[in-house]
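> Sequence plus the predicted model coming up.
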Amino acid sequence: RLSLFNATGFFVGMVCMEICLEATVKSFPELNANGCLANAVTLFQMLGCVVTPLVASCGRALATFPRSLRACAPYVRLSAALYCATALATRSLCCVSYPTKVVFKSAKLVPT
């Protein structure tokens, strides 16, 4: 029941974010042309993924963080790939239509 609530909240939040992003790109195309918007949106998304669990767990999530640089390496590579994918998808809005972006984001392979 809680999982359904969380999934619904995530879905509604993503829909709202994408609607706001599209409106911002259409209203202020110069922000997206130089990459500021793409970088800002991606940065805030990634910060939210770190801050939200820390706040929700009252800091207890820190106990699960890697303790060495070597243990952090896979997370750094994954974060860099995710950052590039999100930033480039947002930046592509100056070149492709918004529905095209949504179709390509939705066409990701689902592991089976």
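The structure has been received and is ready for your questions.

> contacts and neighbour counts: CA atoms only from here.
Noted.

> can I assume residue 93 is in contact with residue 25?
Yes. Taking contacts as C-alpha atoms under 8 Å, residue 93 lies within contact range of residue 25: 7.3 Å.

> so where's this protein uncertain?
32-33, 108-112 (pLDDT under 70).

> Centre-most residue in it?
Nearest to the mean C-alpha position of the chain, by C-alpha atoms, centre = their mean, lies residue 45 at 4.4 Å.

> Okay, buried residues for stretch 93-102 please.
93-94, 98 (16 or more other C-alpha atoms under 10 Å).

> so of these, which ones are in strands?
If you go by DSSP state E, the buried residues of stretch 93-102 have nothing in strands.

> Mind putting these into TSV with distance to residue 83?
Formatted as TSV, the buried residues of stretch 93-102 follow (distance: C-alpha to C-alpha, whole Å):
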residue	distance to residue 83
93	16
94	18
98	19
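
> Helix, strand, or coil at the residue nearest to the centre of the chain?
On the three-state scheme (DSSP: H, G, I helix; E, B strand; the rest coil), residue 45 is labelled helix.

> Now do it against residue 17, distance only.
10 Å (C-alpha to C-alpha, to the nearest Å).

> Could you do residue 74 as well?
In terms of C-alpha to C-alpha, residue 74 sits 28 Å off from residue 17.

> Ramachandran angles for the most far-flung residue of the chain relative to its centre?
Distance from the C-alpha centroid of the chain, by C-alpha atoms, centre = their mean, peaks at residue 68 (25.5 Å). Residue 68 adopts backbone torsions of phi -130, psi 160, taken as degrees, to the nearest 10.
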